[in-house]
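Q: Fold the following.
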Amino acid sequence: MHEHIAEAVKEPDVVTVPPGAVCLRFETMKLYSALGAVRHLLETGRVKPGDTLVDSSSGIYAHALALACHRYGLHCHIVGSTTVDRTLRVQLEILGATLEQVRPSKNLRLDQNLRVERIGELLRENPHYHWMRQYHDAIHYLGYRDVADLIRKEVPEGPLSLVGGVGTGASTGAIATYLREAGRDVTLVGVQPFGSVTFGAEHVSDPDMIIAGIGSSIPFHNVRHDLYDRVHWVNFDYAMSGAVELLRASGIFAGLSAGAAYLATLWERERDTDRTYVFLAADTGHRYVDSAYANHTDAVGLGSMRPHEVTTQDQLRHPWSAMDWPPADSALLRGASPVLVAETA
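A: Numbering: from 1, shown residues only. Predicted structure coming up:
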């Protein structure tokens, strides 16, 4: 029996998805990140019950942090983007979290910059608030040890490829790190939208892409680039088609990042069948019904999809590109292991 709904909701369903793949289907994966971070802050005395935690969010992390604060008796304040919908706003209000949304923006970069600026104002006005810094503080890696342990238990021994959205860097980066520390042979495949600066695709725009949670218009310090072996950039049309086909083939109703990860998984398996492929479905498909699933008749058949295999970022192009990481001319060093500890500043 769980002591709090957050502990129950965070646990993923482990589902076999032919051919030869395993899907970790979460209702909201960021609960692992939020719960692990909040526990660490309380255990180390950096915050105490009754304190206020604040952060920026486009929606999913807001819900996760609000549940974590509810679980541990903390106050929660979110600076949200305009993508936070009414369903989530009402839940946050009832959970006791406060939400303020920045003004509508023409692009993701401006939206993220406005939210960060507002965080700065709040901290100056309320210096006792604790800024969670989900994009930059390595405490958000800690909760994903449980996911790595689950994979070790559920997925047969042998070489494994983990495929999922990069986002803030905490989820795929942490899971792969903990698996590797346990001795598992892991290839890490990151999924990105075009336009994201994280792996150098800011010069290729995709105005239709609404999965900001797997990419970014600003640098995220929690992304450890050296952990990744491959990167896939997928545009909106192909991510939508992947999500529709995932639902049709397996019954899994998940977000657009899962559709993109499913495409990447199928391609990686075609290149190397000697590994077990685990891909992440970080959230459900409910918030994508009108923007994506309602257009399912426009979905492209997966059999016709192939990525452009490139060697440098200047070769990236729609609708789907893939590249070994790091690039041959990259100065990044392989094999470095992140320090999974909280920032002290």
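Q: if I pick T16, what's in contact with it?
A: When contacts are counted by C-beta atoms under 8 Å, 6 or more residues apart in numbering, T16 is found next to 22-23. (Glycine included, C-beta is placed from N, CA and C.)
Q: Report the secondary structure state of it.
A: Three-state call for T16 (DSSP: H, G, I helix; E, B strand; the rest coil): strand.
Q: ok, it to V197 distance?
A: When distances are taken as C-beta to C-beta, to the nearest Å, T16 and V197 turn out to be 35 Å apart.
Q: now do G165
A: Applying C-beta to C-beta, one obtains 15 Å for the distance of G165 from V197.
Q: These two - which one has more neighbours?
A: The neighbour count for G165 versus V197, taken as other C-beta atoms under 10 Å, is higher for G165 (30 against 16).
Q: what bridges to that one?
A: V191 (DSSP bridges).
Q: Quick check: phi and psi at L227.
A: Reported as degrees, to the nearest 10, the phi and psi values for L227 are phi -80, psi -20.
Q: where's the residue nearest to it when sequence neighbours are not counted, which helix or strand?
A: Of all residues not flanking L227 in the chain, G173 sits nearest, at 5.0 Å (C-beta to C-beta, 6 or more residues apart in numbering). Using DSSP states H and E, G173 falls within helix 170-181.
Q: For the stretch 51-200 of the chain, which segments count as strands?
A: Listed from the start of the chain, the stretch 51-200 of the chain has strands (DSSP state E, counting those that start in this stretch) covering 52-57, 75-80, 98-101, 130-131, 160-165, 186-192.
Q: which SS state does G259 fall under?
A: helix.
Q: Spit out the contact partners of it.
A: When contacts are counted by C-beta under 8 Å, 6+ apart, G259 is found next to 234, 238-246.
Q: TSV for these, including pLDDT and secondary structure?
A: TSV is the format used below for the contacts of G259 (pLDDT from 0 to 100; DSSP: H, G, I helix; E, B strand; the rest coil):
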residue	pLDDT	secondary structure
V234	96	strand
Y238	95	helix
A239	95	helix
M240	94	helix
S241	96	helix
G242	96	helix
A243	96	helix
V244	96	helix
E245	95	helix
L246	96	helix
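Q: Could the C-alpha coordinates of stretch 88-107 be exported in PDB?
A: Taking Å, rounded to 0.1, in the frame of the first residue of the first chain, the C-alpha atoms of stretch 88-107 are listed here in PDB:
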ATOM      1  CA  LEU A  88      -3.800  21.300 -14.600                       C
ATOM      2  CA  ARG A  89      -4.500  24.800 -13.300                       C
ATOM      3  CA  VAL A  90      -7.500  23.500 -11.300                       C
ATOM      4  CA  GLN A  91      -5.500  20.500  -9.900                       C
ATOM      5  CA  LEU A  92      -2.600  22.800  -8.800                       C
ATOM      6  CA  GLU A  93      -5.100  25.100  -7.100                       C
ATOM      7  CA  ILE A  94      -6.700  22.300  -5.100                       C
ATOM      8  CA  LEU A  95      -3.300  20.800  -4.200                       C
ATOM      9  CA  GLY A  96      -2.400  24.100  -2.700                       C
ATOM     10  CA  ALA A  97       0.200  25.100  -5.200                       C
ATOM     11  CA  THR A  98       0.200  28.700  -6.700                       C
ATOM     12  CA  LEU A  99       0.600  29.300 -10.400                       C
ATOM     13  CA  GLU A 100       1.400  32.400 -12.300                       C
ATOM     14  CA  GLN A 101       1.600  32.300 -16.100                       C
ATOM     15  CA  VAL A 102       3.800  34.600 -18.200                       C
ATOM     16  CA  ARG A 103       2.400  36.500 -21.000                       C
ATOM     17  CA  PRO A 104       1.900  34.700 -24.400                       C
ATOM     18  CA  SER A 105       5.100  34.600 -26.500                       C
ATOM     19  CA  LYS A 106       5.800  34.200 -30.200                       C
ATOM     20  CA  ASN A 107       8.400  31.400 -29.600                       C
END
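Q: Need the contact partners of it.
A: For stretch 88-107, with C-beta under 8 Å, 6+ apart as the criterion, the contacting residues are 59, 62-63, 65-67, 69-70, 75-82, 84, 111, 114-115, 118, 217.
Q: Flag every buried residue along that stretch.
A: 88-89, 92, 97, 99, 101-102 (16 or more other C-beta atoms under 10 Å).
Q: which of the strands of the stretch 51-200 of the chain is buried the deepest?
A: Of these, the one with the most neighbours on average (mean count of other C-beta atoms under 10 Å) is strand 160-165, at a mean of 27.
Q: re earlier: which one among the contacts of G259 gets closest to E154?
A: Nearest to E154 among the contacts of G259: L246, at 19.1 Å, using C-beta to C-beta.
Q: and the closest one, what is it in contact with?
A: Taking C-beta under 8 Å, 6+ apart, we find L246 in contact with 17, 23, 252, 254, 258-259, 262, 281.
Q: Need the nearest residue in space to it, chain neighbours excluded.
A: Y262 (4.7 Å).
Q: rewinding a little: show me which of the contacts of stretch 88-107 are buried.
A: Buried residues within the contacts of stretch 88-107, defined by neighbour count using 16+ other C-beta under 10 Å: 59, 62-63, 65-67, 69-70, 75-81, 84, 111, 114-115, 118, 217.
Q: what stretches of the protein score poorly on pLDDT?
A: When the per-residue scores of the chain are filtered using pLDDT under 70, the ranges that remain are 105-110, 210-212, 329-345.
Q: Cheers, nothing more for now.
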